[in-house]
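J.: Pasting the sequence and the predicted coordinates here, then a few questions.
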There are 2 protein chains.
Amino acid sequence: MTPIKVGLLGLGTVGAGTFNVLRRNQEEIMRRAGRAIEITMIAVRNVERARALVGDACEVVGDPALVVNNPNIDIVVELIGGVDLTKALVLTAIANGKHVVTANKALVAIHGNEIFKAAQDKGVMVAFEAAVAGGIPIIKSLREGLSANRIEWIAGIINGTTNFILTEMRDKGLDFATVLKQAQELGYAESDPTFDIEGVDAAHKATIMAAIAFGIPMQFDKAHIEGISQLQAIDIAYAEQLGYRIKLLGITKRTAKGIELRVHPTLIPGTRLIANVEGAMNAVLVQGDAVGASMYYGKGAGAEPTASSVIADLVDVTRLATADPEHRVPYLAFQPNAINQEVILPMSEITTSYYLRIRVADQAGVLADVTRIMADLSISIDAMLQKEPAEGEVQTDIIMLTHQTQEKNVLEAIRNIEQLSSVFGPVVKIRLEQLS
Amino acid sequence: MTPIKVGLLGLGTVGAGTFNVLRRNQEEIMRRAGRAIEITMIAVRNVERARALVGDACEVVGDPALVVNNPNIDIVVELIGGVDLTKALVLTAIANGKHVVTANKALVAIHGNEIFKAAQDKGVMVAFEAAVAGGIPIIKSLREGLSANRIEWIAGIINGTTNFILTEMRDKGLDFATVLKQAQELGYAESDPTFDIEGVDAAHKATIMAAIAFGIPMQFDKAHIEGISQLQAIDIAYAEQLGYRIKLLGITKRTAKGIELRVHPTLIPGTRLIANVEGAMNAVLVQGDAVGASMYYGKGAGAEPTASSVIADLVDVTRLATADPEHRVPYLAFQPNAINQEVILPMSEITTSYYLRIRVADQAGVLADVTRIMADLSISIDAMLQKEPAEGEVQTDIIMLTHQTQEKNVLEAIRNIEQLSSVFGPVVKIRLEQLS
């Protein structure tokens, strides 16, 4: 069988990783795929630099249009990043009857519906394993491995930068800004870290997982997104005292009222396996009605882990390139005509537990006032921690863990608590999930 | 499209689970598969009991030959267990052009080569996700999700019974026999627990993983198998003091000299995520050259977790039932003509680290004698623990952790140590893996 011909868009970290792994493991991959996979053309901004890297192995061009319009290319691998140029390139590749593999989570989360529709009309595949959790085969596990299940919820540590920062903050008791700076120096955080630390990257990935878990369209614009930049070291320490760790989780959950889709710092019990996922590692916990809890752990970023997923997609696409569409796994795990228009719940309607930290005057009656407000809103308190004020201080912290309740109830409670004259400053609220 | 017709052999725990999940999640599975999956015939020993369970949903017969020879059945699901009858039934099903799904690890590990050859000749699929680690999609992850990688090693907690027993022994400081009895009462161990506690079940699974990770034939007869029945509570306690936990691991590793394939109790660092996999849960840690370490965690047994994998296979087989064989994933992950005849190393040739417990007289010179023997065989000692003898005792334990060395060296060291007049009883040897 003739080799399948691949055109690569971009030769950055992941592009170079893909090129290198494909070359290094050529023989092993061929033993699996039964057909050689050849990168025949690469489009990059810096052609000279790329030529130095890849040698004469393939053609290097500056214009990506030359790749997506090249009639000799079967599969286009998009590793440029960004959503505008890449959307146009991917749609052109599809229009030209090429299969597409991409690691671009933003592209899939924001323009996936349009891209999959075009691909379906044209009868080509679009694969995106590398878009979520790097080297972990979580898309395949959700789409195929757990296809017997009604998925109930997914909770994932799906951003390595923030998990690295949170691990360091906890281990060393440092504050966010200090650790972010270190992370940037170590290369764990980008010079503009906004997408990572504000939860946008995790929200792209959670959006994709929600779609394939529940058979709904991509709805990134409905995701609730909250990052870790406001997180204080003191709350990590209090959480620890109560037996919890704080992780930035991407959560999506099926409820009777609709789908929850949210990214935020979350207290989880320290005894859970996922609570012990440290540093830049990723892990996704999936609850299915038949399988129960299962977890998928590995490197969520980096040249070769991401290349591992890109190439796994290439092998899959190679295998099914000439198959009829019905032999292929549907883009979003569910058949295109079976996608549900289920509602993504607004944040006020979600149900979870809460960690609240309230700065109060150290005087009689405060606790009674606070707990009365909670009781009036039918919010049960599961645990409480009240510290003696430090030497010479007249203020102290009350920490409460609530039972499950609706977000809007907690917001109302906080508004009422903040109006008490014995309460100082804003109440700190961090959501809490038992993950059981 | 007409429903695909499934014949079920066996309606025990997993069979009933498969029937129930397929019925309960019918609609969701259909949304994914695009085609209904219908169990139309079930063969069981106790026909009356089965009829009571399944009602009029499908035909129930006593003779499994009626299923495998039924021209209206597309896929045979073998959930009887055992290897003799099932081998004959599976080969007949294949000869009749039916696809096969099985959860039978012994069958695949022992007769897989013959079965896959027959299936290949006939152009049918044989799927066995449920044979390893229950509900965890580890076969799919290895065969497809990690297809870019040269797999370096796999280490798995792949027997829930033994992991439950080890967890209880450690948590409660109890001995093996006591915990086994409790496990039997709780239903975590069978009345004849031999296959589980002696490592045979784990060896079946490790054999299967070795084959699909390295592209070698099934070679169960070459696996080294050692269970946990000889494990003493004291060694679990000493390991803990040294920062390690003892788990029964199924290990397979690619080395320059050949493949290691072994099941035995193993010390692993307590800080590793897999060391914290407790109770009856399973987890498989995979090291690939591109992806690095990745781990897959979930329930390794039970009706519905196993059914989850059986049905995932059914969905895959349904999707590819009418596809050409080259569109399907090869049985053993590698193309049949690319299977290597790599050697499985005899145990004496494997390389690992060791925990040794030596019962010695509490007198001068013993430690010098022991360490001299180790030095003469070039075995480095990484850590040591010597306890003061208990009040009124004249014997004590020396515990040593060695650096990596060949098994045959350690065996010789132990023979020499046991000949020392100041050493009492046999030396306890437990292998140790850093898993890094």
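T.: Noted; the coordinates are in hand. Numbers count the residues shown, from 1 in each chain, chains lettered A, B, ... in the order given.
J.: what's the span of stretch A:312-326 from first residue to last?
T.: One end of stretch A:312-326 sits 20 Å from the other (CA to CA, to the nearest Å).
J.: The one helix or strand residue A:286 maps to pairs with which strands, and in what direction?
T.: Secondary structure here is read from DSSP states H and E; on that basis residue A:286 sits in strand A:281-288. For strand A:281-288, sheet partners with direction are given as strand A:151-157 (antiparallel), strand A:292-299 (antiparallel), following DSSP bridges.
J.: Can you name the next helix or strand after the shortest one?
T.: Yep, that's strand A:151-157 we're talking about. Helices and strands here follow DSSP H and E; after strand A:151-157, the next one along the chain is helix A:160-172.
J.: is chain B contacted by that following helix?
T.: No. For helix A:160-172, no contact with chain B is found by CB under 8 Å from any CB of the partner chain; the gap never falls below 12.3 Å. For glycine as for every other residue, the C-beta is placed from the backbone atoms N, C-alpha and C.
J.: right, and the helix or strand after that helix?
T.: Beyond helix A:160-172 toward the C-terminal end (DSSP H and E), the next one is helix A:176-186.
J.: so what does that following helix touch, helix or strand wise?
T.: Secondary-structure packing of helix A:176-186 (3 or more CB pairs under 8 Å, 6 or more residues apart in numbering or on different chains; DSSP states H and E): helix A:160-172.
J.: Could you tell me how many residues sit around the closest residue to residue A:151 other than its chain neighbours?
T.: Nearest non-adjacent residue to residue A:151, counting by CB to CB, 6 or more residues apart in numbering or on different chains: residue A:213, 4.2 Å away. Counted with other CB atoms under 10 Å in any protein chain shown, the burial measure for residue A:213 works out to 26 neighbours.
J.: and residue A:213, what does it touch?
T.: Shown in contact with residue A:213 (CB atoms under 8 Å, 6 or more residues apart in numbering or on different chains): A:142, A:151, A:154, A:252, A:254, A:286, A:333.
J.: rerun at 6 Å
T.: By CB atoms under 6 Å, 6 or more residues apart in numbering or on different chains, the contact list for residue A:213 reads A:142, A:151, A:154.
J.: what residues does stretch A:20-28 touch?
T.: Residues outside stretch A:20-28 that contact it (CB under 6 Å, 6+ apart): A:304, A:307, A:311, B:148, B:150, B:290.
J.: check contacts around the last one.
T.: Read that as residue B:290. With contact set as CB under 6 Å, 6+ apart, residue B:290 has these partners: A:21, A:304, A:307-308, B:148-149.
J.: quick one: which of those residues has the most company?
T.: Ranked by neighbour count under the definition other CB under 10 Å, these are headed by residue A:308 with 34 neighbours.
J.: how deep is residue A:133 tucked in, by neighbour count?
T.: Other residues within reach of residue A:133, judged by other CB under 10 Å, total 34.
J.: Is it correct that it is in contact with residue A:158?
T.: Yes. In terms of CB atoms under 6 Å, residue A:133 counts as a neighbour of residue A:158; the distance is 5.4 Å.
J.: so what's in contact with those two at the same time?
T.: Both residue A:133 and residue A:158 are in contact with residue A:282, where contact means CB under 6 Å, 6+ apart.
J.: Point out the residues in the stretch 301-436 of chain A that sit beside chain B.
T.: Taking CB under 6 Å from any CB of the partner chain as the measure of proximity, the stretch 301-436 of chain A contacts chain B at A:304-305, A:307-308, A:311-312, A:315, A:319-320, A:323, A:327, A:333-335, A:338.
J.: ok, 10 Å please
T.: By CB under 10 Å from any CB of the partner chain, the residues of the stretch 301-436 of chain A that approach chain B are A:302-316, A:319-330, A:332-340.
J.: From those, list the buried ones, please.
T.: Buried residues within these, counting neighbours by 16 or more other CB atoms under 10 Å in any protein chain shown: A:302-316, A:319-321, A:323, A:327-330, A:332-335, A:338-339.
J.: about what we covered before: now intersect the residues of the stretch 301-436 of chain A next to chain B with the helices, please.
T.: Using DSSP state H, the members of those that fall in helices are A:303-316, A:319-320.
J.: what pLDDT does the residue nearest to residue A:34 when sequence neighbours are not counted get?
T.: In space, and not counting its chain neighbours, residue A:34 is closest to residue B:335: 4.5 Å by CB to CB, 6+ apart. Residue B:335 is assigned 95 on the pLDDT scale.
J.: Settle this for me: residue B:335 is touching residue A:315, isn't it.
T.: No. When contacts are counted by CB atoms under 10 Å, residue B:335 is not listed as touching residue A:315 (11.7 Å).
J.: what do those two both touch?
T.: A:30, A:32-35 (CB atoms under 10 Å, 6 or more residues apart in numbering or on different chains).
J.: Name the member of the residues you listed with the most neighbours.
T.: When the shared contacts of residue B:335 and residue A:315 are compared by neighbour count (other CB under 10 Å), residue A:32 ends up highest, at 27 neighbours.
J.: For it, identify the helix or strand it belongs to.
T.: Taking DSSP H and E as the criterion, residue A:32 maps to helix A:26-33.
J.: Could I get the average pLDDT for that helix?
T.: Across helix A:26-33, pLDDT averages out at 96.
J.: quick one: residue A:59 from chain B, how far?
T.: According to CB to the nearest CB, to the nearest Å, residue A:59 stands 23 Å off from chain B.
J.: How many residues are close by that residue?
T.: By the criterion of other CB under 10 Å, residue A:59 has 16 neighbours.
J.: repeat for residue A:380
T.: Residues near residue A:380, counting by other CB under 10 Å, number 12.
J.: wait, isn't it in contact with residue A:410?
T.: No. In this structure, residue A:380 sits apart from residue A:410 without contact. The criterion is CB under 10 Å, and the distance is 11.8 Å.
J.: Now for these two: what residues contact both?
T.: Taking CB under 10 Å, 6+ apart as the contact rule, the neighbours common to residue A:380 and residue A:410 are A:353, A:374, A:402.
J.: OK, contacts around the first one?
T.: Residue A:353 sits next to A:266-267, A:379-380, A:382, A:401-405, A:410, A:431-434 when contact means CB under 10 Å, 6+ apart.
J.: Recalculate using a threshold of 6 Å.
T.: Residues counted as contacts of residue A:353 (CB under 6 Å, 6+ apart) are A:402, A:404, A:432.
J.: Quickly note the distance from the residue of the stretch 301-436 of chain A found nearest chain B to residue B:138.
T.: As assessed by CB to the nearest CB, chain B sits closest to residue A:311 within the stretch 301-436 of chain A, at 3.3 Å. Residue A:311 sits 19 Å away from residue B:138 when distances are taken as CB to CB, to the nearest Å.
J.: Can you get me a residue count around residue A:400?
T.: Other residues near residue A:400 number 24, with proximity taken as other CB under 10 Å.
J.: Show me the beta-bridge partners of it.
T.: Assessed by DSSP bridges, residue A:400 has beta-bridge partners residue A:356, residue A:384.
J.: doesn't residue A:384 make contact with it?
T.: Yes. In this structure, residue A:400 is within contact of residue A:384 by CB under 6 Å, at 5.1 Å.
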